[in-house]
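Asker: Here is my input, please return the structure:
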Amino acid sequence: MNWTQLMCSERLRQYTKPGTSGDLRSEFEKDYHRIISSPSFRRLQDKTQVFPLDKSDFIRTRLTHSLEVSSFAKSLGQSVGARIINEKLADDFDESVRSGICDVLQCAGLIHDIGNPAFGHFGESAIQDWFKKNLGLLEYNGRKLTDILTEQMQKDFFRFEGNTQALRVVTRLHFLVDEHGMNLTKALLATIIKYPCSSLESNKECGDIKLKKMGYFYADKDSFDDIQSSCGLNGSRHPLAFLLEAADDIAYNTADIEDAVKKGNLNYRILRDELDKWSKKIPQGPKAETFTETAGRLDRYYNRALENGYDNPDLYAVQNWIVRVQGVLINCATDTFINDYDEIMSGRFKKDLIGASNGEYIVKALSDAAYRYVFISKPILKLEVAASAIFDFLLERYTDAFLYYDTPYWKENRTALRDKLTMLMSENYLRIYHKYSEGKSEEEKLYLRLLMVTDYICGMTDSYAKRMYQELNGVI
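Answerer: Here you go, the predicted structure:
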């Protein structure tokens, strides 16, 4: 891989040659303005990060999380870029490339979660579980759907993934000018594809990070192939995808702890005890040293809060400590990228940057505490059960409504309810379906109709999904 090709500024629909439009902005700067002015991005303000439908202004949403990831990603780009130049690691990497990767990473942070469904990561699980349970029970013209759809089509739903949906949103579903979505640069699109493999190839147990989950839907293979070819990736991850992933890891692992303290799920004492437990089981070496030095800072901030008589020493200590942790993890991710630069650029690096760095146990400790004190807390579990009912209902109703839509069997299978539900479907999604189903086989059309249903439901915000569920159930 080389940076000249990796930073491809072409778009899936190239309307003009880059640099000839008279616009002084770079192509990557134009991407930024397309993103922040889009409804798809704005809807993130009403999508869950951790606490669904939370009334507090303090607690993070997908929007505030994405802004933080964007900031961390740009910082990583600046840090890594400076090291590549100073250490002369690449002949084709100069200050203009450094500026470009910062712009791309900043944009990638903004859209990395733009495809996530309502109610956090549980929304992904709810969609996967519904299709695993129901796809083999549904019939189309006397045949089970599992006998009609190819293995990849089925696994696209069984392994439904928000990151995969993000690529679909920005290349298809967001209507700006035409069916090419936001029509972003290929370098940016390659950066948000964390897993450059299909649902058939994904393998969580293989140990290679790029195969952990699926990266594109069968319906979007042409776009994926175009992006890969233009950026010279040949099945590898884009190097910037490692930095984007690290920024995401830093943002949510630290934010979850801060939000948990604000909500009362965690406090200084509990967090201190959790860090002490981890310090006793970490093997001696650089990782243990980084963990011990970083963990010790928490006590200093807490004692400072007590000395200054602050009203909430727990929150003061954790918030200041989190800032410190973020800086440590940015440095750790930067060091790993530079130390493993050749493997990353050759496509042979199989780990995530944070997990391979001296910050590994810091993140593991934070993740473990967040899981036990937040994600399996009773309020979250109750909301997830409620969210499951919402997803089950919406998927059942809309799948039933669109099973025979746009087929020779539509007329004989029409009902008043199905007609009303098709009229409620987003006009944009209907337009996209008809555009990409033209000339396709009946099997592919069926797959695209099911994908249209997940597109629609996945695009709903938390409040809209809840309201739609209530209204369709007669709860006004």
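Asker: host element of residue 314?
Answerer: Using DSSP states H and E, residue 314 maps to helix 313-339.
Asker: Which positions within the helix or strand containing residue 453 qualify as buried?
Answerer: Assessed by DSSP H and E, residue 453 sits inside helix 442-458. Neighbour-count burial for helix 442-458, counted by 16 or more other Cβ atoms under 10 Å, picks out 444-458. For every residue, glycine as well, the C-beta is placed using N, CA and C.
Asker: next one: that helix to chain centre, how far?
Answerer: Centroid separation for helix 442-458 versus its chain: 21 Å, with Cα atoms, centre = their mean, to the nearest Å.
Asker: before we move on, what about stretch 462-471?
Answerer: 23 Å.
Asker: for stretch 315-331, same thing?
Answerer: Here stretch 315-331 is found 23 Å from its chain centre; the criterion is Cα atoms, centre = their mean.
Asker: likewise stretch 172-190?
Answerer: The answer for stretch 172-190 is 16 Å, by Cα atoms, centre = their mean.
Asker: Same check on stretch 126-136?
Answerer: For stretch 126-136, the distance to the chain centre is 21 Å (Cα atoms, centre = their mean).
Asker: list the helices and strands the strand or helix carrying residue 246 packs on?
Answerer: Element membership for residue 246 (DSSP H and E) is helix 239-263. Judged by 3 or more Cβ pairs under 8 Å, 6 or more residues apart in numbering; DSSP states H and E, the packing partners of helix 239-263 are helix 62-86, helix 95-111, helix 186-192, helix 268-279, helix 313-339, helix 341-346, helix 360-370.
Asker: right, and the helix or strand after the helix holding residue 453?
Answerer: Counting by DSSP H and E, the next helix or strand C-terminal to helix 442-458 is helix 462-472.
Asker: Does anything pack onto that following helix? Which helices or strands?
Answerer: helix 378-402.
Asker: What are the buried residues along the helix it packs on?
Answerer: Residues of helix 378-402 classed as buried: 380, 383-384, 387-388, 390-395, 397-402 (neighbour count, 16+ other Cβ under 10 Å).
Asker: Likewise for stretch 32-49?
Answerer: Quick answer for stretch 32-49 (16+ other Cβ under 10 Å): 32, 34, 35, 38, 40, 41, 43, 44, 46, 47, 48, 49.
Asker: mind checking how far that stretch is from the chain centre?
Answerer: Distance of stretch 32-49 from its chain centroid, counting by Cα atoms, centre = their mean, is 13 Å.
Asker: swap in stretch 25-35?
Answerer: Offset of stretch 25-35 from its chain centre (Cα atoms, centre = their mean): 20 Å.
Asker: contacting residues around it?
Answerer: For stretch 25-35, contacts defined as Cβ atoms under 8 Å, 6 or more residues apart in numbering pick out 9, 11, 18-19, 23, 41, 99-100, 103-104, 106-107, 110-111, 176, 182-185, 187-188.
Asker: now that stretch: mean pLDDT?
Answerer: The average pLDDT for stretch 25-35 rounds to 90.
Asker: Kindly report the same for stretch 378-387.
Answerer: Across stretch 378-387, pLDDT averages out at 77.
Asker: ok, the most centrally placed residue in the chain - contacts?
Answerer: For the chain, residue 113 is the residue whose C-alpha lies nearest the centre (Cα atoms, centre = their mean; 3.5 Å). Residues near residue 113 by Cβ under 8 Å, 6+ apart: 44, 47, 62, 65, 66, 69, 162, 166.
Asker: so it, which of the three states?
Answerer: With DSSP: H, G, I helix; E, B strand; the rest coil as the basis, residue 113 sits in coil.
Asker: Give me the pLDDT for it.
Answerer: Per-residue confidence at residue 113 stands at 91 (pLDDT).
Asker: ditto for residue 395
Answerer: 95.
Asker: Kindly report the same for residue 476.
Answerer: Reading off the confidence values, residue 476 has pLDDT 60.
Asker: Same question for residue 266.
Answerer: At residue 266, pLDDT is 84.
Asker: what's the neighbour count on it?
Answerer: Per other Cβ atoms under 10 Å, the neighbour tally for residue 266 reads 23.
Asker: Make sure it is indeed in a strand.
Answerer: No: counting by three-state DSSP, residue 266 is not found in a strand; it is coil.
Asker: about what we covered before: show me what the helix holding residue 453 is packed up against.
Answerer: Using 3+ Cβ pairs under 8 Å, 6+ apart, helix 442-458 is in contact with helix 121-134, helix 145-148, helix 151-158, helix 162-168, helix 378-402, helix 427-437.
Asker: if we can go back for a sec, mark which of the contacts of stretch 25-35 are buried, thanks.
Answerer: 9, 11, 41, 99-100, 103-104, 106-107, 110-111, 182-185, 187-188.
Asker: Excluding chain neighbours, give the residue nearest to residue 313 in space.
Answerer: residue 305 (3.5 Å; Cβ to Cβ, 6 or more residues apart in numbering).
Asker: In this structure residue 244 contacts residue 70, no?
Answerer: No: contact criterion Cβ atoms under 8 Å: residue 244 and residue 70 do not qualify, at 9.6 Å.
Asker: tell me, what's touching these two both at once?
Answerer: Counting by Cβ under 8 Å, 6+ apart, the residues touching both residue 244 and residue 70 are 105, 108, 109.
Asker: quick check, nearest of these to residue 138?
Answerer: Using Cβ to Cβ, residue 108 comes nearest to residue 138 of the shared contacts of residue 244 and residue 70, at 36.5 Å.
Asker: quick revisit: could you report the neighbour count for the residue nearest to residue 313?
Answerer: There are 21 residues near residue 305, going by other Cβ under 10 Å.
Asker: Taking helix 427-437 as reference, get the angle to the helix holding residue 453.
Answerer: 160 degrees (axes from the mean of the first three to the mean of the last three Cα atoms, to 10 degrees).
Asker: and the angle for helix 442-458 with helix 151-158?
Answerer: Using the same axes, to 10 degrees: helix 442-458 against helix 151-158 is 10 degrees.
Asker: Helix 442-458 vs helix 378-402, what angle?
Answerer: Using the same axes, to 10 degrees: helix 442-458 against helix 378-402 is 140 degrees.
Asker: thinking again about what came up before, and of the helices and strands packed on helix 442-458, who's closest to residue 296?
Answerer: helix 378-402 (30.5 Å).
Asker: Touching that closest one from outside, list them.
Answerer: 50-53, 117-119, 122-123, 126-127, 129-131, 134, 138, 374, 417-418, 421-422, 425, 449-450, 452-454, 456-457, 460, 465-466, 468-469, 472-473.
Asker: Many thanks, I have nothing further to ask.
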